[in-house]
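In: Provided below for reference: sequence and predicted model.
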Amino acid sequence: MPGATVLAAAALTLFTLAAPPFASAQPEAGIPVTDPLVRAKCGTCHAADDRGRIERVSWARATPEGWQAATKRMIVENAVAVTPIEARAIVGYLSSKHGLAPEEARPVMYAAERRVRDESQTLNGAIVAACGKCHQAARALMWRRPAADWTRFVERHATRYRFTPDAKAVAALTEAAPLQTREWNAWSATARPPALAGQWLVTAHIPGRGNFHGDMTVEPASDGDAFVTRTRLRSVDGNTTLDRTGRSVVYGGTAWRGRSSASNAATAAADDPANDMQEVLLIASDGSKAEGRWFRGQYQELGIDVKMQRAPAGPVLILVDPPSLKAGSNAGRLRVIGHGFATGVTAADLSAGPGVRVRRVVSSTADEIVAEVDVAPDAPPGRRAVAVRSSALENALAIYDRIDDVKVLPDSSLASFGSEGYTRGYQQFEAIGYHRGPDGKRRTADDVELGPVDVTWSMEVFYEVDQTRRDRVGTVSAAGFFTPAAVNPGINSDVWVIATAKHEQGADGRPLVGKGYLVVTVPTYTFDGRVYVRDLDRWIEEGSSPR
């Protein structure tokens, strides 16, 4: 059931380090700990051997989120005495020297990016069954351990949370997330601090607001272990500009973690992208590109999909808008956005594949070309590249004969009423159109995404007896932004958020309709002292004291 996935993703269970025997008894060679601070703080409880290996720590690898959770647990439960600066340094060292290779991190990035996913189709069933009852199963796969440690981890986790250990889950975790891997051995031998300073080109999709593009300037921070960022994004129609400043750290050369905000963040409305956001991106191994999500909210429910790439010496395409054109349409406007376009671009310099004719270039600058195009009635449907002279962007544009389906994204989500000490948890919905794809069938793997569709939004409460129940749940705006009711009724509500297409019809002649499943509930109270633990995130990341 969708609600189970949503509630599992919202859980805040912290993964703990397993308790292996003394380091020298481990069958696998652990990772020596060379940092004096980590040795001093961890070594008070975890014994070290003559090879510099510390029990527990040397036989574990994790993402920055994993090491931060472990550090929080040591502070809260074991009273480890560290200053904010020391906590940041510990997380930084472990995330870099005992982290994940990019190839290992990529499959679980959605968990770090706080995205809700149906894991039943992508992860081992035993792991999902055992771990997905309380949180995303990917949270387990953000760690790497030897076989013996996975066994002990599951046993201790079962004792702590009162469930029966699952031998199949242990076997699956051991196979899926071993300590030693070819990817890690190759990456750790060559990893070095990235040269991030300079200009980056940025594209961003903001649900409910469309596509944005711009640039980011990255400069080293004065303290040497972080970067200061300044980003300017513009909507594709040119009507909206977002200026953000931030601070980021990159662990192990690839794991970008940071925060940014606009100057008016303190007074911004709940649906305003000027708000303070966390940034989680994965940098490509060659340092030329990065991709991820900026997010915020009580459940990190509001986010921006972001792609970055180095500004090259020559021309490059980074975005095409709109993302799709209908066969048989004439005189449509197509924006090609990029960097370093030459002057004097003509219609002959642009190409969008068979069946698309560029009538004329309406305007042209170094970073944007606006063209007027015709699409033939028999233009082949599907995705194709768009090119400006010798520069091309693959799969940049989709051609379709009709929209066959409308999906509401996210299809399964969570929002929450507020209470003392907790702000409300909102949700932004978006209606995306799809073409049936080569197999001619709706909702199959080859469907072609066409981009946002103009819709009318409404909502329907499950088991609704009268209209008063709906009023107690909340409202959804014309832009698809859901706002929970101001008064907390103290109960859960299951809601369909419904998108009805204004101009697109199905085979039956009726408007296309999409639905998203939403659980509106009370805030999550899953950990004693949760507010304190939540503040420890910023304490570790930024060096500010918890209240």
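Out: Received it, and whenever you're ready, just let me know what you need.
In: Show me where this structure has its helices.
Out: For the chain, the helices defined by DSSP state H occupy 2-10, 36-42, 64-78, 84-97, 102-105, 109-112, 125-131, 147-161, 167-176, 182-190, 467-471, 530-542.
In: quick one: which of these has the weakest pLDDT on average?
Out: Lowest mean pLDDT within these: helix 2-10, at a mean of 37.
In: how near is residue 523 to residue 408?
Out: 24 Å (C-beta to C-beta, to the nearest Å). C-beta here means a position set from N, CA and C on the backbone, and glycine is covered the same way.
In: Tell me which of those two has more neighbours.
Out: Ranked by neighbour count (other C-beta atoms under 10 Å), residue 523 and residue 408 place residue 408 first, with 24 against 20.
In: how deep is the nearest residue to that one once chain neighbours are set aside tucked in, by neighbour count?
Out: Distances taken as C-beta to C-beta, 6 or more residues apart in numbering put residue 516 closest to residue 408, at 3.5 Å, once the chain neighbours are dropped. By other C-beta under 10 Å, 25 other residues sit near residue 516.
In: List the residues that contact residue 516.
Out: Counting by C-beta atoms under 8 Å, 6 or more residues apart in numbering, residue 516 touches 408-413, 429, 496-497, 499.
In: Look up which residues are beta-bridged to it.
Out: According to DSSP bridges, the residues that bridge with residue 516 are residue 497.
In: in the stretch 401-547 of the chain, what spans have low per-residue confidence?
Out: 464-471, 524-547 (pLDDT under 70).
In: try 50
Out: 526-533, 545-547 (pLDDT under 50).
In: now the strands for it?
Out: Listed in chain order, the strands of the stretch 401-547 of the chain (DSSP state E, counting those that start in this stretch) span 405-409, 412-416, 427-428, 430-435, 448-452, 455-461, 474-476, 481-484, 493-505, 511-521.
In: Quick check: can you name the pairing partners of the third one and their directions?
Out: When sheet partners are counted by DSSP bridges, strand 427-428 sits next to strand 481-484 (antiparallel).
In: quick one: buried residues of the partner strand?
Out: Within strand 481-484, the residues that count as buried by 16 or more other C-beta atoms under 10 Å are 481-482, 484.
In: likewise stretch 398-415?
Out: Quick answer for stretch 398-415 (16+ other C-beta under 10 Å): 398-400, 403-415.
In: Relative to residue 92, which of those is nearest.
Out: For the buried residues of stretch 398-415, the minimum distance to residue 92 (C-beta to C-beta) is 31.2 Å, reached by residue 414.
In: What separation is there between that closest one and residue 138?
Out: 17 Å.
In: And for residue 252?
Out: 19 Å.
In: so how far is stretch 219-228 off the chain centroid?
Out: 24 Å (C-alpha atoms, centre = their mean, to the nearest Å).
In: no no, stretch 390-403
Out: Using C-alpha atoms, centre = their mean, the offset of stretch 390-403 from its chain centre is 24 Å.
In: who's in contact with that stretch?
Out: 314-320, 323-328, 334, 338, 352-353, 355-356, 375, 379-387, 433-435, 448-451, 453, 501, 504, 512.
In: 7 Å instead?
Out: Outside stretch 390-403, the residues within contact range by C-beta atoms under 7 Å, 6 or more residues apart in numbering are 315-317, 320, 323-327, 352, 355, 375, 379-386, 433, 435, 448, 450, 453, 504, 512.
In: Over to stretch 321-340?
Out: By C-beta under 7 Å, 6+ apart, stretch 321-340 touches 201, 211, 213, 236, 311, 314-320, 350, 359, 366-377, 379, 381, 386, 388, 397-401, 450-451.
In: Tell me which of these fall in strands.
Out: Among the contacts of stretch 321-340, DSSP state E puts 201, 211, 213, 316-320, 350, 359, 368-375, 386, 388, 397-400, 450-451 in strands.
In: of these, buried ones?
Out: Here, 16+ other C-beta under 10 Å leaves 201, 211, 213, 316-320, 350, 368-375, 386, 388, 397-400, 450-451 buried among those.
In: Whichever of the contacts of stretch 390-403 end up buried, select them in PyMOL.
Out: Only the buried members of the contacts of stretch 390-403 enter the following PyMOL selection, criterion being 16+ other C-beta under 10 Å:
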select buried, resi 315+316+317+320+323+324+325+326+327+352+355+375+379+381+382+383+384+386+433+435+448+450+453+504+512
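In: coming back round to it: want to try JSON lines for the buried residues of strand 481-484, with distance to residue 59 as columns?
Out: As requested, these are exported to JSON lines (distance: C-beta to C-beta, whole Å):
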{"residue": "481", "distance to residue 59": "46"}
{"residue": "482", "distance to residue 59": "44"}
{"residue": "484", "distance to residue 59": "44"}
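In: picking up where we left off before, how close does the residue nearest to residue 408 get to residue 184?
Out: 38 Å.
In: Excluding residues flanking it in the chain, which one is nearest residue 379?
Out: In space, residue 379 is closest to residue 355, 2.6 Å off (C-beta to C-beta, 6+ apart).
In: show me the contacts for that neighbour.
Out: So residue 355 contacts 375-376, 378-380, 399 (C-beta under 7 Å, 6+ apart).
In: switch the cut-off to 10 Å
Out: 325, 327-328, 374-381, 384, 399 (C-beta atoms under 10 Å, 6 or more residues apart in numbering).
In: ditto for residue 188
Out: Counting by C-beta under 10 Å, 6+ apart, residue 188 has contacts 31, 61, 96-99, 101, 252.
In: pLDDT score for residue 297?
Out: pLDDT, residue 297: 90.
In: Got the phi and psi for it?
Out: Main-chain torsions, residue 297, degrees, to the nearest 10: phi 110, psi 170.
In: do you know how far it is from residue 303?
Out: For residue 297, the distance to residue 303 - C-beta to C-beta - is 8 Å.
In: who touches both of these two?
Out: Shared contacts of residue 297 and residue 303, defined by C-beta under 10 Å, 6+ apart, are found at 114, 277, 428.
In: Look up which residues are beta-bridged to the last one.
Out: Translated: residue 428. residue 481.
In: same question, the second one
Out: Partner residues in beta bridges with residue 277, using DSSP bridges, are residue 260.
In: That one contacts residue 257, correct?
Out: No: at 12.0 Å, residue 277 and residue 257 do not qualify as touching, with contact defined as C-beta atoms under 10 Å.
In: hang on, the earlier thing: now neighbour count and distance to residue 173 too, for the shared contacts of residue 297 and residue 303, in a markdown table please.
Out: Listed next are these as a markdown table, based on neighbours: other C-beta atoms under 10 Å; distance: C-beta to C-beta, whole Å:
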| residue | neighbour count | distance to residue 173 |
| --- | --- | --- |
| 114 | 21 | 22 |
| 277 | 25 | 32 |
| 428 | 24 | 34 |
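In: which of those residues lies closest to residue 163?
Out: residue 114 (25.1 Å).
In: Test my guess that the closest one contacts residue 304.
Out: No: using C-beta under 10 Å, residue 114 is not in contact with residue 304; the gap is 11.9 Å.
In: Now do the shared contacts for those two.
Out: Joint contacts of residue 114 and residue 304 (C-beta under 10 Å, 6+ apart) are 293, 295-296.
In: tell me which of those residues is nearest to residue 163?
Out: residue 295 (30.1 Å).
In: What separation do you get for the closest one and residue 53?
Out: 36 Å.
In: Sweet, I'm off.
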